[in-house]
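Asker: sequence-free structure coming up:
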């Protein structure tokens with residue numbers, strides 16, 4: 001057994017190898033792309049994907065609905081072909097069938113739908129070029145920026161492995177207090193937006209940064225936003241407790257009742273766009289999932305509308321077995337080097353092969369509807385069809401061949417795209433972390449009832465935590481915004497004077513501006529948010545119960 005200088009057991013993998021960096025994947029330069037031979041990450045995430053049978057490890061409680069997407073044929077008032085050659089966006093009025101699955105993240109399959117949690121917002125478009133899965137959440141940011149931390153984060157939210165007590169605040173905030181990148185998400189999930197009043201009345205976001213590619217192979221970085229025409233409405237914890245006391249499945253009931261009554265919910269799809277490079281002029285990295293893009297500098301422009309018109313005929317086959325993946329893209333849409341996106345793209349498909357089976361894509365709800373599957377994949381558990389169109393030689397299940405088998409398509413444009421990337425192989429976090437600015441801005445831009453609810457929920461949760469965890473959280477919250485940190489600190493009996501002398505975490509590299517804020521902790525005054533336009537500033541109405 002190897003121990004540190006402090007006498008603590010050193011983290012290893014299942015082979016007994018010491019893990020020297022459990023925070024960062026191996027990438028080309030600090031921004032990526034990630035490398036395939038990320039052994040520690042692949043071992044960690046592969047095991048994590050197989051931790052539960054048969055329900056999903058995350059997003060186990062969910063519900064599915066069906067409908068269509070109608071394209072505007074434009075990005076705002078510009079022709080959409082200027083930016084993407086994706087056919088589903090190409091013509092005004094073009095309709096594409098879709099399925100959507102709303103879900104909670106941490107709870108099990110029979111848990112409450114009004115628990116405090118991010119909500120999954122995953123859409124499967126059945127396009128003429130095959131399926132496109134836009135897999136996101138109802139909150140625009142995430143707790144972490146590197147997928148290697150995902151198993152650790154989820155473990156902190158799941159039941160205690162000894163007594164199976166769920167959502168233990170000491171475990172939750174033990175992780176968060178050591179992960180300052182989570183502070184932006186904390187201001188959202190612990191406020192009212194952490195408990196939507198219904199699935200129909202919440203926003204949706206792709207969260208990750210993707211790319212659009214046009215016919216010339218030119219690329220843009222993009223973020224996706226779903227805005228409900230029904231408005232945004234939320235519960236406080238007290239409101240949710242009343243609902244939960246009578247119905248654990250209130251969100252599904254509300255959604256299905258509305259659809260079956262002909263009150264078809266709609267969301268408009270907006271896209272933010274920026275040039276495809278690292279944007280050194282910004283104080284954050286555009287590939288960082290803990291950040292949003294200021295809507296003043298990168299305006300949201302509408303590209304179409306989703307309408308939900310149908311509900312499942314069988315819950316298991318159409319909701320439990322529906323499977324999404326961030327790697328499921330169609331021509332004209334592409335990946336960025338977002339480190340969370342790279343990890344999710346492996347993890348989502350891998351976990352579906354384990355959970356549902358290697359042929360999960362042959363299930364009707366997961367099969368393409370506007371295109372035909374034609375592969376050389378064969379056999380495996382539960383294979384019940386061969387992906388071989390009529391006219392293809394059934395004896396040839398390989399490529400290349402001159403005997404009548406499948407052959408490669410013609411790439412729509414040249415294969416090279418995007419900026420040229422150079423860098424040494426490394427495991428590093430991105431340079432521009434800036435973990436506190438947007439969290440502080442988010443608090444100041446919230447409505448007063450949202451601020452009050454956020455503070456009350458943090459005080460309630462932190463009250464049961466160990467003193468060192470409380471102190472670090474108050475330090476982080478003061479680094480975000482004086483008022484937020486002081487209000488929470490007052491609620492748990494910790495002042496700015498109590499924590500001002502704390503050093504930053506060993507994993508942090510603060511800028512001089514942040515170091516000055518730490519030296520003046522609690523006395524910095526409110527941040528200037530004049531002219532700042534942030535996602536989630538859509539008016540949030542409280543639904544009282």
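Answerer: Sure thing, it's come through. Since this is a predicted model, take the numbers as computed values, not measurements.
Asker: check which residues of the lowest-mean-pLDDT helix or strand in the chain are buried.
Answerer: Between all helices and strands in the chain, the lowest mean by mean pLDDT, DSSP states H and E belongs to helix 39-49, at a mean of 83. By 16 or more other CB atoms under 10 Å, the buried positions in helix 39-49 come out as 40, 41, 42, 44, 45, 48, 49. Every residue, glycine included, has its C-beta placed from N, CA and C.
Asker: specify which member of these is nearest to residue 145.
Answerer: residue 41 (13.9 Å; CB to CB).
Asker: my read: that closest one touches residue 148, true?
Answerer: Yes - if you go by CB atoms under 8 Å, residue 41 and residue 148 touch, sitting 4.7 Å apart.
Asker: still on that earlier bit, packing partners of the least confident helix or strand of the chain?
Answerer: Contact partners of helix 39-49 among helices and strands, from 3 or more CB pairs under 8 Å, 6 or more residues apart in numbering; DSSP states H and E: helix 150-157, helix 339-355.
Asker: with mean pLDDT and distance to residue 106 added, can I get those helices in CSV?
Answerer: Shown next, in CSV, are the helices and strands packed on helix 39-49 (pLDDT from 0 to 100; distance: least, CB to CB, whole Å):
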stretch, mean pLDDT, distance to residue 106
helix 150-157, 93, 4
helix 339-355, 91, 16
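Asker: deepest of these, which one?
Answerer: helix 339-355 (a mean of 22; mean count of other CB atoms under 10 Å).
Asker: for that helix, which helices and strands make contact with it?
Answerer: In terms of contacts (3+ CB pairs under 8 Å, 6+ apart), helix 339-355 is packed against helix 39-49, helix 150-157, strand 333-335.
Asker: re earlier: closest one of the buried residues of helix 39-49 to residue 460?
Answerer: Using CB to CB, the buried residues of helix 39-49 come closest to residue 460 at residue 48, 29.7 Å.
Asker: so who does the nearest residue to that closest one once chain neighbours are set aside touch?
Answerer: Distances taken as CB to CB, 6 or more residues apart in numbering place residue 151 nearest to residue 48, at 3.8 Å, with adjacent residues excluded. Applying CB atoms under 8 Å, 6 or more residues apart in numbering to residue 151 gives the contacts 44, 45, 47, 48.
Asker: cool, residue 31 as well?
Answerer: Neighbours of residue 31 in contact, by CB under 8 Å, 6+ apart: 278, 285, 287, 337, 423, 430.
Asker: neighbour-wise, give me the winner out of these.
Answerer: residue 285 (24 neighbours; other CB atoms under 10 Å).
Asker: does that one touch residue 431 like I think?
Answerer: Yes - using CB under 8 Å, residue 285 is in contact with residue 431, at 7.4 Å.
Asker: ok, the residue with the largest distance to the centre of the chain to residue 396 distance?
Answerer: Distance from the C-alpha centroid of the chain peaks at residue 403, with 44.8 Å (CA atoms, centre = their mean). From residue 403 across to residue 396, the span is 5 Å (CB to CB, to the nearest Å).
Asker: how long is stretch 294-311 end to end?
Answerer: With CA to CA, to the nearest Å applied, stretch 294-311 spans 36 Å between its terminal residues.
Asker: return the member of the contacts of residue 151 nearest to residue 292.
Answerer: The closest of those, once distances to residue 292 are taken by CB to CB, is residue 45, at 25.6 Å.
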